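Colleague: Just to be clear, the model below is a prediction. Sequence and coordinates:
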There are 2 protein chains.
Amino acid sequence: MSVQTQMTPGNCSDCPIRHRAVCARCEVDELNELEEIKYYRNFEAGQTIIWSGDKMGFVGSVVSGIASLTQTMEDGRTQMVGLLLPSDFVGRPGRDGAAYDVTATTDVVMCCFRKKPFEEMMERTPHIAHRLLEMTLDELDAAREWMLVLGRKTAREKIASLLSIVARRDASLSPNGPSGPMVFDLPLTREAMADYLGLTLETVSRQMSALKKDGVIQLEGKRHVTIPDMRRLMDEAGDDADGGFLG
Amino acid sequence: MSVQTQMTPGNCSDCPIRHRAVCARCEVDELNELEEIKYYRNFEAGQTIIWSGDKMGFVGSVVSGIASLTQTMEDGRTQMVGLLLPSDFVGRPGRDGAAYDVTATTDVVMCCFRKKPFEEMMERTPHIAHRLLEMTLDELDAAREWMLVLGRKTAREKIASLLSIVARRDASLSPNGPSGPMVFDLPLTREAMADYLGLTLETVSRQMSALKKDGVIQLEGKRHVTIPDMRRLMDEAGDDADGGFLG
DNA sequence: TCTATTCTTTGACCCAGATCAACTGAGGTT
DNA sequence: AACCTCAGTTGATCTGGGTCAAAGAATAGA
């Protein structure tokens, strides 16, 4: 999951490692090579894609839907450690076991590559290794930004942070530019939000109600969110770093 | 900062990107090339190595001492997002700005490479890009493991987690193997520990005292720690994943 | 030796968020 | 329509860790 980078989906649908921005780098020979080892898999909402510790025979990227990475303690406490949106990469070239559970939050289509051939291709095509390094550095930045959220922010700030991130990454919004109102459907249940934010679902619910009451967000039903003023929301998130999202 | 990987320092002191394990991969031509663009810098404890947002002209790795990565909000709340121990890499090839402050916690010696030539060399030497990808994936795993600590663990568990990590990465210990008692000096002040764990320094102090009272750790002075039973400490940390550290 | 200064510990009290519990409301099934 | 079930809301109460305050302990300097 990347916080810094915006995505323009829909382009470059055959790209081996889907680019976050409009793809300007596709190289035909790369694609042709990959075509042979590429396949698609569908997962239903709630289904586990990979169990932590399992041997992973593939790497891949999310084509549609949303998946989440979670870690769980023996006593059941769970923490979401990443959100995989379309174009995000899954898997660890050079690693055998998965480090955390990957679960489909909505229905998910993944574009997979068998790991061995993918790794061999990485050897031959430095381009891909570079792209992967770049993406991994993005994820690392995002993970570290999230550490600040988890460690130091209040419940209200946490909710605002999550809403900003989802708003930023969801393309179906801001018909009037990034400073206009934003409209989107939350792809997460209150429980999933809680797991992401290190809160309980009750606290999430209460803070959502509070933000609604204060006019920071509007809610239709449980999932449909309107953000009348993105800047206001970002203030609530206490975020200095907006990744250049707003002017 | 890596949680999973152990380091055996002292080997391979000229290696461009120092390996965490005993180095079996040094290649002479690589070294010779790097020698030209390599230089050393010293920092005193407390000194800032890089300010968040600054343009970074170099990448490098920690040779000795300990540095920390921190993020700070406008109101002063700070969260440490990474701990850099000897052999850890600093910098983001392909990125211009630093994403967070890097501060010397103790006196630090860094081995630096000017960024441009380093990146050019990365182009020519896929080996290095792979190594860097591997290291970045390790950091990502560590960051995500830390998200569980920050989001879901109690203060006591947090302290125990931090102590395990420091113990695991400190080489000057376990004269009687990994199941014997461990002895080391904490490289962090109580405040730094608090910033790492998302706590206040008072809570850190109280929990250290509690762990001491309960015999989980022994303290001589403020910094010198003995862990009579590593397994006991890991139980206190609530960690299922010990990274294969103990049998 | 006698301060300063910096780091740490400990105590008293408070509050944000957890916990426990009841309730609402939208689908879906029969 | 009657009944589930699942997701979310809201209330009442409790508590872990924060906050404020004061007092050691170690080191450096004069």
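Modeller: Right, received. Where do you want to start? Residues are numbered from 1 along each chain as shown, chains lettered A, B, ... in the order given.
Colleague: what's the average pLDDT for the host helix or strand of residue A:193?
Modeller: For residue A:193, the host element (DSSP states H and E) is helix A:190-197. For helix A:190-197, the mean pLDDT works out to 97.
Colleague: Just give me how far it sits from the chain centre.
Modeller: 14 Å (CA atoms, centre = their mean, to the nearest Å).
Colleague: quick check: domain ranges of chain A?
Modeller: Following the assignment in automatic domain parsing, chain A carries domains at A:28-149, A:154-237.
Colleague: In chain A, mark out all the helices, start to finish.
Modeller: Using DSSP state H, the helices of chain A run over A:28-35, A:115-124, A:126-152, A:155-169, A:190-197, A:201-213, A:230-237.
Colleague: So is the longest one next to DNA strand D?
Modeller: Think helix A:126-152. No. Shown here: helix A:126-152 not in contact with DNA strand D (CB under 7 Å from any atom of the strand), separated by at least 8.7 Å. For the C-beta atoms, the positions are set from N, CA and C on the backbone; glycine is no exception.
Colleague: now swap in stretch A:78-98 and tell me
Modeller: No. Using CB under 7 Å from any atom of the strand, stretch A:78-98 stays clear of DNA strand D, with a minimum separation of 14.0 Å.
Colleague: what about that stretch and DNA strand C, touching?
Modeller: No. Stretch A:78-98 lies apart from DNA strand C when judged by CB under 7 Å from any atom of the strand; the minimum separation is 11.5 Å.
Colleague: how about that stretch: buried residues?
Modeller: A:78-93, A:95, A:98 (16 or more other CB atoms under 10 Å in any protein chain shown).
Colleague: near chain B at all, stretch A:82-98?
Modeller: Yes. Stretch A:82-98 reaches chain B (CB under 8 Å from any CB of the partner chain) through A:82, A:92, A:93, A:94, A:95.
Colleague: Just send those back as JSON lines, with pLDDT too.
Modeller: As requested, those are arranged in JSON lines below (pLDDT from 0 to 100):
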{"residue": "A:82", "pLDDT": "95"}
{"residue": "A:92", "pLDDT": "86"}
{"residue": "A:93", "pLDDT": "83"}
{"residue": "A:94", "pLDDT": "79"}
{"residue": "A:95", "pLDDT": "82"}
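Colleague: Adding distance to residue A:102 as columns, could you present the residues you listed in CSV?
Modeller: Below are these laid out as CSV (distance: CB to CB, whole Å):
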residue, distance to residue A:102
A:82, 9
A:92, 11
A:93, 16
A:94, 18
A:95, 14
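Colleague: Of those, which is the nearest to DNA strand C?
Modeller: Distance to DNA strand C, by CB to the nearest atom of the strand, is smallest for residue A:82 among these, at 19.7 Å.
Colleague: residues from chain A in reach of DNA strand D?
Modeller: A:189-191, A:201-202, A:204-206, A:208-209, A:219, A:222-223.
Colleague: Show the model's pLDDT score for residue A:48.
Modeller: 92.
Colleague: re the thing from before, show me the one of the domains of chain A that comes nearest residue B:68.
Modeller: Closest to residue B:68 of the domains of chain A is domain A:28-149 (CB to CB; 12.0 Å).
Colleague: Would you confirm that residue A:150 contacts residue B:148?
Modeller: No. With contact defined as CB atoms under 8 Å, residue A:150 does not count as touching residue B:148 (9.2 Å).
Colleague: where's residue A:147 relative to DNA strand C, distance?
Modeller: 16 Å (CB to the nearest atom of the strand, to the nearest Å).
Colleague: And for that residue, the neighbour number?
Modeller: When neighbours are counted by other CB atoms under 10 Å in any protein chain shown, residue A:147 registers 25.
Colleague: wait, it sits on residue B:150?
Modeller: Yes. Here residue A:147 reaches residue B:150: they are 5.9 Å apart, a contact under CB under 8 Å.
Colleague: what about residue A:100, how many neighbours?
Modeller: 23.
Colleague: What's the separation between it and DNA strand D?
Modeller: 22 Å.
Colleague: now the end-to-end length of stretch A:207-223.
Modeller: Terminal residues of stretch A:207-223 lie 14 Å apart, using CA to CA, to the nearest Å.
Colleague: Give the buried residues for that stretch.
Modeller: Going by neighbour count (16+ other CB under 10 Å), the buried part of stretch A:207-223 is A:207, A:208, A:211, A:216, A:217.
Colleague: and those residues near DNA strand C, which?
Modeller: Near DNA strand C, taking CB under 7 Å from any atom of the strand as the test, no member of the buried residues of stretch A:207-223 is found.
Colleague: Can you add pLDDT and distance to residue A:121 and give those back as a markdown table?
Modeller: Below are the buried residues of stretch A:207-223 laid out as a markdown table (pLDDT from 0 to 100; distance: CB to CB, whole Å):
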| residue | pLDDT | distance to residue A:121 |
| --- | --- | --- |
| A:207 | 98 | 46 |
| A:208 | 98 | 45 |
| A:211 | 98 | 46 |
| A:216 | 97 | 47 |
| A:217 | 96 | 45 |
